[in-house]
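Trainee: Model the structure of this input:
(2 chains)
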Amino acid sequence: MAQTTQIAVLGAGPGGYAAAFYAADLGMQVTLIDEEKNPGGVCLYRGCIPSKALLHVAKVVDEAAHASKWGVTYSAPAIDVDKLRAYKQGVVDKLTAGVGSVAKLRKVNYVQGRATIAGPKSLKVAGASGETEIQFEHLILATGSHPTKIPSLALDSPRMMDSTSGLELPDVPKSLLVVGGGYIGLELGTVYATLGSKVSVVEMTAGLLPGADRDLVQPLEKRLKALFSSIMLNTKVVKVAEEKDGIRVTFEGDVAEKEQLFDRVLVAIGRRPNSKVPGLETTRVKVDAKGFIETDPQRRTAEPSIFAIGDVAGEPMLAHKASHEARVAVEAIAGHKAVFEPQAIPAVVFTDPEIAWCGLTEAQAKEQGVDVDVAKFPWGALSRAITVDRPEGLTKLVLEKSTGRVLGVGISGSGAGELIAEGVLAIEMGASAEDLKMVIHPHPTLSESVMEAAEVFFGQSTHVYKPKRK
Amino acid sequence: MTEFKVPELGENVASGDVAKILINVGDTVKKEQPVIELETDKATIEVPSSVAGVVKEVKVKKGDKVQVGSVIFTVDDGAGNGAGKSAAAPAKPAEAKAEAKPEAPPEAQPEPKPEPRPDPKAEAKPESKPETKVLSMPQRQAADAAPPPAPAPAPAANVVPAAASPAVRRLAREIGVDINAVPGTGPAGRISQDDVKEHARRILSSVGSAGAPAAISARASRPMPDFAKWGEVVREPWSNIRRVTSEHLSYSWNTVPHVTQFDKADVTALEELRKKYKDQVVKAGGNLTVTAMLVKVLATALQKFPQFNASIDPERGEIIYKKYVNVGVAVDTDRGLLVPVIKDVSRKNITQIAVELQQLAEKARDRKLTVDEMSGGSMSLSNLGGIGGTYFTPIVNWPEAAILGVSRGGTEPVWRNNQFEPRQMLPLSLSYDHRLIDGADAIRFLRWVVEAIEQPFLLSLIG
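Mentor: Below you'll find the model as predicted:
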């Protein structure tokens, strides 16, 4: 049985389903293909969403523990892992079912199964009810990514976890080693530590969250040092071996104890694009050395009928980048001159405190030789941060020196992920520090820190006395 | 001290052999001055300097293979290495970008930076210069017309993106304006929708009279349909020659108001002469072809009709009359059309022309033509007669004023001496720039060419 469709979308994550829905909204006939029952992809099933549900719980536990400082003392929490897992699963089910029903309302033809590309105009899907051939005018590849595996950490043991199995929350191990000090490792480490595990983090480079400006990472690092039992920087895992009581891990680098035993090991060293799509070789789609599918600014591959978006189409591997690319690709297919040219893609680390940044970082400005001014507003002077007893945050603006134009924004602190959107808007609109300074921000909120950081640039911050150097 | 490196040479050209070094240690070089000749697999390219100063050291010798980015020579400009940076500019943005993305674990990849924006100047230069190789004028012109009348962007321009909101960027893209070239009038140089429209208007009015709106046309081309919808297609990159030919012919077509007139020449007598003397020419190392003879005819006609040996300069409101007579001959090669030019034809006899034509055609096919050998024509000749056809409408090879197209000759009944006689007739098509040449003059020119062919004596009478 052969079906025909104007647009086939392979992979129903936040890139794929956004593409399918937008194409349907533009009046195109759309087929969305994924192995899961509902759209959602890694983000909804095994990534952003379940991790945020668990991090929310971790935050409540943490705040309850801190409340004794404020004269309210709770007893230690009793954690029912099954119920917690069910809550998380409920969140996932609710969202994926919701996306599924929106797909139906839009009359998107959702096909569950595993696809094999059969040339530039057709593919086959093997599903529960047999094989379906789908002929398309255009195909959007949104096949996503998977956790990176490396040989030195390859050990077939239930004690070894990656981000997917870590989010399954099999139990709360007594001790957990997180390999990788990036955002996935730190987020999951935070969850497990708050639930009661003794968490150690091992990171190959000299600092957590490589790529983020150090002054933004610093408040988090301070807090994580208290929460985790150890943070091993400049350290590599060279061997893992299963023993009766756990995983014996051998380290190399700046660490005293070269061998340690852990109940579980969580490997979170990055993700790799899913570009090994079966049958891709029947097209002219090109894959680069890192495994990303090569595309032009419209996200069109070397095969004119095929587009690629999201993790499989390049860094940064973030859901919101994928859904934006989805719109670009669909508009290009619809004949518009859309291109992917964001001025800023926000990155958010949902630890506590959160870290978020967008546009040019201070470190990048230095590397690229862009002449910038950096204006920082410490949350110690921010009333809202004091009221919630979280004064350790920082808001900073990276500004073009000659004009004060906002080129980058970095925020570290509770709720930074919500605040960063203003920074993205400022950069995309070409706003200057003067603009931010003159926009009224509600009091008392954390958002005032953005306005006050702009005031710092002019040496006129209400709450920070820092006259401008003459 | 500043280094001069081989700039980007164009699509698919990464290296070349040094064919000639045009400078010596101690010479004072100026910007734009040709410094080496590079032989690439496409053509011989004269590479102009992007630096100025006294040549301190020449780092290559004739025959060396050099790559884009290889250092050719150094100059002492006494001003640090500022200019050196700009000399190597084409390569820089990409490098800077690569370095800016270290091996950070992908999960924390904070790369919200868009593509670094190319410095419009840096882009224009390496593109336009090396491509002077086949026919330099149109590209020069286009490049001159292209730069925005705006003030130059800030030094950091290649890193900092244009200050324009997404909606403004979209507008620019849709009307085919490079957002990075638009001067912003808002605070912090912000670009508004009005700025984009104003910039577009300025480009259109500045280029309007001179011809093709070069700055716009490149990007404002209409979207291509997806041909694969209708069947299998194969996509292949454009060769450099194809691209230069395309740009040049588009420019000619858009600039020159073309008229084409047709006539036939009786070549029966000429053919007899050709057969009679061809062995003699072969001995001299040439081939006595119709083309060689027509080159001589054209050279003589050009002397008689000076408006055909002229170019129009609308900028200065002048007509340039040339006192030299050079005739270009279109040569079909496996890489595309090349037009070598035979110089000073009026001082050469047909045997000399035939020999030279033979040599130039061989060079064209062996990719050995130099830029010099392909420029400076008064008029061009395109003989398709060897292949076939009756008439065609050749495109004037701007900045020349006319081109003669020759099709296949054949035996025809011609009314002559009160009866039909079988005569060998050669179809001729003359295209000309109607700005310079009136129709009556054109047909007078063509008639003269026809008569000279029919009465070869006319050549020696006048030529």
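
Trainee: How about the residues of the stretch 151-300 of chain B by chain A?
Mentor: Neighbours of chain A within the stretch 151-300 of chain B, by CB under 8 Å from any CB of the partner chain: B:154, B:156, B:159-166, B:169-170, B:173-174, B:184, B:186-191, B:223, B:226-229, B:235. The way it works is simple: take the backbone N, C-alpha and C, and place the C-beta from them, glycine included.

Trainee: confidence score at the residue in the stretch 51-200 of chain A positioned nearest to chain B?
Mentor: Here the stretch 51-200 of chain A gets closest to chain B at one residue, residue A:182, 3.8 Å apart by CB to the nearest CB. Residue A:182 is assigned 96 on the pLDDT scale.

Trainee: So what's the residue count around it?
Mentor: 26 (other CB atoms under 10 Å in any protein chain shown).

Trainee: how is the chain carved up into domains?
Mentor: By default, I'm working from chain A. As assigned by automatic domain parsing, chain A contains the domains A:2-147+A:272-333, A:151-269, A:347-457.

Trainee: ah, I was thinking of chain B
Mentor: If you go by automatic domain parsing, chain B breaks into B:1-99, B:258-462.

Trainee: right, so of those, which gets closest to residue A:151?
Mentor: domain B:1-99 (27.3 Å; CB to CB).

Trainee: May I see the buried residues of the lengthiest strand in chain B?
Mentor: Using DSSP state E, we find that the single longest strand of chain B is strand B:419-433. Buried residues in strand B:419-433, counted by 16 or more other CB atoms under 10 Å in any protein chain shown: B:423, B:424, B:425, B:426, B:427, B:428, B:429, B:430, B:431, B:432, B:433.

Trainee: wait, residue B:398 sits on residue B:255?
Mentor: Yes - look at residue B:398 against residue B:255 with CB atoms under 8 Å: they come within range, at 5.7 Å.

Trainee: More neighbours: which of those two?
Mentor: Remark: of residue B:398 and residue B:255, residue B:398 carries more neighbours, 23 against 20, as counted by other CB under 10 Å.

Trainee: Double-check that that one belongs to a helix.
Mentor: No - with DSSP: H, G, I helix; E, B strand; the rest coil as the criterion, residue B:398 is assigned coil and is not in a helix.

Trainee: where do the helices sit along chain B?
Mentor: Remark: helices assigned in chain B by DSSP state H are B:82-87, B:92-100, B:120-128, B:136-145, B:166-175, B:193-208, B:214-217, B:240-255, B:268-284, B:290-304, B:350-365, B:439-454, B:457-462.

Trainee: Residue A:24 is nearest to which of these?
Mentor: helix B:166-175 (22.2 Å).

Trainee: Give me the buried stretch members for that closest one, please.
Mentor: Here helix B:166-175 shows B:168, B:169, B:170, B:171, B:172, B:173 as buried, counting by 16+ other CB under 10 Å.

Trainee: sorry, back to before: most packed of the helices of chain B?
Mentor: Mean neighbours per residue, mean count of other CB atoms under 10 Å in any protein chain shown, is largest over those for helix B:290-304, with a mean of 23.

Trainee: Can you name every helix or strand that it contacts?
Mentor: With contacts taken as 3 or more CB pairs under 8 Å, 6 or more residues apart in numbering or on different chains; DSSP states H and E, helix B:290-304 sits against helix B:268-284, strand B:327-329, helix B:350-365, strand B:379-383, strand B:402-406, helix B:439-454, helix B:457-462.

Trainee: So residue A:219 is in contact with residue A:413, correct?
Mentor: Yes - here residue A:219 reaches residue A:413: they are 6.9 Å apart, a contact under CB under 8 Å.

Trainee: Give the residues shared as contacts by the two.
Mentor: A:353, A:392, A:393, A:394 (CB atoms under 8 Å, 6 or more residues apart in numbering or on different chains).

Trainee: what secondary structure does residue A:356 sit in?
Mentor: Following three-state DSSP, residue A:356 is assigned to strand.

Trainee: Okay, the closest residue in space to it that isn't next to it in sequence and residue A:450: tell me how far apart.
Mentor: Nearest residue to residue A:356, sequence neighbours excluded (CB to CB, 6 or more residues apart in numbering or on different chains): residue A:420, at 3.7 Å. The gap separating residue A:420 from residue A:450 is 9 Å, by CB to CB, to the nearest Å.

Trainee: what do these two both touch?
Mentor: A:409, A:411.

Trainee: What segments of chain A are helices?
Mentor: Under DSSP H, chain A gives helices at A:16-25, A:41-46, A:48-66, A:81-105, A:163-168, A:183-195, A:214-227, A:319-333, A:362-368, A:383-387, A:416-428, A:433-438, A:448-457.

Trainee: Out of those helices, flag the one nearest residue B:55.
Mentor: Closest approach to residue B:55 among the helices of chain A (CB to CB): helix A:362-368, 32.3 Å.

Trainee: tell me what that closest one is packed against?
Mentor: strand A:372-378, strand A:394-400, strand A:406-413, helix B:92-100.

Trainee: would you turn the ones you listed into JSON lines with distance to residue A:9 and mean pLDDT?
Mentor: Formatted as JSON lines, these follow (distance: least, CB to CB, whole Å; pLDDT from 0 to 100):
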{"stretch": "strand A:372-378", "distance to residue A:9": "40", "mean pLDDT": "96"}
{"stretch": "strand A:394-400", "distance to residue A:9": "36", "mean pLDDT": "97"}
{"stretch": "strand A:406-413", "distance to residue A:9": "33", "mean pLDDT": "97"}
{"stretch": "helix B:92-100", "distance to residue A:9": "30", "mean pLDDT": "38"}
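
Trainee: need the residues of the stretch 351-470 of chain A near chain B, please.
Mentor: Counting by CB under 8 Å from any CB, the stretch 351-470 of chain A sits next to chain B at A:357-361, A:364, A:367-371, A:400, A:402-405, A:407, A:428-432, A:434-435.

Trainee: Can you flag the buried ones in those residues?
Mentor: Neighbour counting by 16+ other CB under 10 Å classes A:357-361, A:364, A:368, A:370, A:400, A:403-405, A:407, A:428-432, A:434-435 among those as buried.

Trainee: quick one, longest strand in chain A?
Mentor: strand A:130-141.

Trainee: quick one: that one near chain B?
Mentor: Yes - contact of strand A:130-141 with chain B is found when judged by CB under 8 Å from any CB, involving A:137, A:138.

Trainee: Adjacent strands (with direction) for that strand?
Mentor: The strands beside strand A:130-141 in its sheet (DSSP bridges) come out as strand A:2-10 (parallel), strand A:122-127 (antiparallel), strand A:306-308 (parallel).

Trainee: For residue A:50, grab the count of nearby residues.
Mentor: Residues near residue A:50, counting by other CB under 10 Å, number 25.

Trainee: hang on, the earlier thing: what are the buried residues along the longest strand of chain A?
Mentor: Buried, per 16+ other CB under 10 Å, within strand A:130-141: A:132, A:134, A:136, A:137, A:138, A:139, A:140, A:141.

Trainee: picking that back up, and among the domains of chain A, the most buried is which?
Mentor: Mean neighbour counts for those (mean count of other CB under 10 Å) peak at domain A:347-457, with a mean of 22.

Trainee: any idea how far that one is from the chain center?
Mentor: 19 Å (CA atoms, centre = their mean, to the nearest Å).

Trainee: can you tell me how far residue A:10 sits from residue A:309?
Mentor: From residue A:10 to residue A:309 the distance is 10 Å (CB to CB).

Trainee: anything in contact with each of those two?
Mentor: Once CB under 8 Å, 6+ apart is applied, the residues that residue A:10 and residue A:309 both contact turn out to be A:16, A:140, A:141, A:142.

Trainee: Near chain B, which residues of the stretch 51-200 of chain A are found?
Mentor: The stretch 51-200 of chain A has residues A:120, A:121, A:137, A:138, A:148, A:180, A:182, A:183, A:184, A:185 near chain B, with proximity defined as CB under 8 Å from any CB.
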